[in-house]
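Asks: Sequence and computational prediction follow.
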Amino acid sequence: MRELIDFFTIPYREGGISFAGSDCYGIVQLWFSDRLGIYLGDYGYDRTAPHKSLFKNGKSPFDEAILEDFDPVPLSEARENDVVTIRNQTTDGSNHCGVVVATGRFLHCLDPSGANVSRIDAWLPQITGFFRHKALK
């Protein structure tokens, strides 16, 4: 199991899902597999397609598909290992995500900066939800 610091060196790579390069959902998948031993599927997300092509009418396929394995939780109950979904551009749904790594902080991967930890309160206007994997109840 890698330490949180190991995730900071991950550069952004669209469609990536490795420590050599990852996108936002790729880093969530890495966190879950490496730290928690939980494999997350792609939830209808075609990793070979350009990101912009995934959003039909401004909506992400991830918004509904995440409910297969995750339950929504209120901000007041968000804790480590919960997924946070974000509307990072002008869409009706989520188009960015990360994972809560400490109280009030989440790990995510942005283009071009790569992986970083941000304060949840700084992103609150754009946050669309918090979700807890059903295996972590």
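Replies: Arrived safely, thanks for sending.
Asks: Can you show me the strands along this structure?
Replies: Under the criterion DSSP state E, strands of the chain are mapped to 17-18, 21-22, 70-73, 83-86, 96-102, 105-110, 114-119, 127-133.
Asks: can you list the residues that contact the fifth one?
Replies: Outside of strand 96-102, the residues within contact range by Cβ atoms under 8 Å, 6 or more residues apart in numbering are 4, 24-25, 27-28, 31-32, 62, 78-88, 106-110, 117-118, 120, 126, 130. For the C-beta atoms, the positions are set from N, CA and C on the backbone; glycine is no exception.
Asks: ok, now the third one?
Replies: In this structure, residues lying in contact with strand 70-73 by Cβ under 8 Å, 6+ apart are 82-83, 129-134, 137.
Asks: from those residues, which is closest to Leu40?
Replies: His133 (8.1 Å; Cβ to Cβ).
Asks: That closest one contacts Ile38, correct?
Replies: Yes: contact criterion Cβ atoms under 8 Å: His133 and Ile38 qualify, at 6.1 Å.
Asks: who touches both of these two?
Replies: By Cβ under 8 Å, 6+ apart, the residues touching both His133 and Ile38 are Phe32.
Asks: which regions of this protein sit below the pLDDT cut-off?
Replies: The chain contains residues with pLDDT under 70 at 1, 43-62, 90-93.
Asks: Quick one: the helices in the protein, in order.
Replies: Secondary structure of the chain, counting by DSSP state H: helices at 4-7, 24-31, 62-65, 120-123.
Asks: Same question for the first one: list its buried residues.
Replies: So the one you mean is helix 4-7. Phe7 (16 or more other Cβ atoms under 10 Å).
Asks: CA atoms of that helix as PDB?
Replies: Extracted as PDB, the C-alpha positions of helix 4-7 are listed here (Å, rounded to 0.1, in the frame of the first residue of the first chain):
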ATOM      1  CA  LEU A   4      -0.600   9.600   0.400                       C
ATOM      2  CA  ILE A   5       2.700  11.300  -0.600                       C
ATOM      3  CA  ASP A   6       3.200   8.800  -3.400                       C
ATOM      4  CA  PHE A   7       0.000  10.100  -5.100                       C
END
